[in-house]
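Q: compute the structure for the input listed below.
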Amino acid sequence: MVTGELSAMSNSFALSPEDLAQRFVQVKKYNYLAHTIREIELEVHRVVGWGYHIVTRASTGLNDGSRIFFHKGGSIIFLPAASEEMDDREIRLVLAHELGHIIYNLDKLGAIRGVRSPTEDEELFAWRFAFYLIKEKSLAYGRDIDVGRYIHDVGDLKRVLERMVKKKQPSLHEAIKRFLKGQ
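A: Numbers count the residues shown, from 1 in each chain. Take a look at the predicted model:
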């Protein structure tokens, strides 16, 4: 990734969620999201000039949702500890969605504190980023048997994402349906 590309994005939001997901999908070894998290941390460091750490935590208080807590040195993403209703695709989409919030707020990371209520525009951005990130990772590593369980069919991702948003954020459902129709 070229230094400053996300910095330019933070000023004008000129890059789409698809462009950004494509940039972060370029992981050299494996399809795991941990490598993507590392790449986002490094890019945030390049852009804002300080170490930024993204930590994921399992939370027994969350059934099928997630939360992100911002602080000056990083973000803590709380994911459901165990949910019979969520499968690997849904958990990966939820994690990628929370990463989308970090990317969306890149220019404000030093000032954001705590858990906050994002705007509808930010939510749509984060869901689009999640879709593109998981889709691109699946396409990029589709032939690698070692990471097979993390490879998802695009049609299946669309159905899962639409179902999740309809259940969790009904106000965004129509916008997500329109977005997915074009994919």
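
Q: and the longest helix along the chain, how far out from the chain's middle?
A: Secondary structure of the chain read by DSSP state H shows that its longest helix is helix 120-140. On the basis of Cα atoms, centre = their mean, to the nearest Å, helix 120-140 sits 6 Å off its chain's mean C-alpha point.

Q: apart from its neighbours in sequence, what residue is nearest D156?
A: Distances taken as Cβ to Cβ, 6 or more residues apart in numbering place R89 nearest to D156, at 7.0 Å, with adjacent residues excluded. C-beta here means a position set from N, CA and C on the backbone, and glycine is covered the same way.

Q: and what about the one you found, helix, strand or coil?
A: helix (DSSP: H, G, I helix; E, B strand; the rest coil).

Q: looks like it contacts L157 (just checking).
A: Yes - using Cβ atoms under 8 Å, R89 is in contact with L157, at 6.7 Å.

Q: give me the mean pLDDT for the next helix or strand after the longest helix of the chain.
A: Where DSSP states H and E defines the elements, the next helix or strand beyond helix 120-140 is helix 154-168. When pLDDT is averaged along helix 154-168, the result is 91.

Q: could you check the angle helix 154-168 makes with the helix or strand following helix 154-168?
A: Downstream of helix 154-168, the next assigned helix or strand under DSSP H and E is helix 173-181. Here helix 173-181 runs at an angle of 170 degrees relative to helix 154-168 (axes from the mean of the first three to the mean of the last three Cα atoms, to 10 degrees).

Q: and helix 173-181, what's buried?
A: H173, A175, I176, F179, L180 (16 or more other Cβ atoms under 10 Å).

Q: who touches the closest residue to the last one other than its chain neighbours in this structure?
A: When the adjacent residues along the chain are set aside, L180 lies closest to K158, with 4.7 Å between them (Cβ to Cβ, 6+ apart). For K158, the contacting residues are F131, L180, Q183, by Cβ atoms under 8 Å, 6 or more residues apart in numbering.

Q: what's the residue closest to the geometric middle of the protein?
A: A96 (2.3 Å; Cα atoms, centre = their mean).

Q: for the residue lying closest to that residue once chain neighbours are set aside, give its distance to E136.
A: Nearest residue to A96 in three dimensions, chain neighbours excluded: A130, at 3.7 Å (Cβ to Cβ, 6+ apart). If you measure A130 against E136 using Cβ to Cβ, to the nearest Å, the figure is 11 Å.
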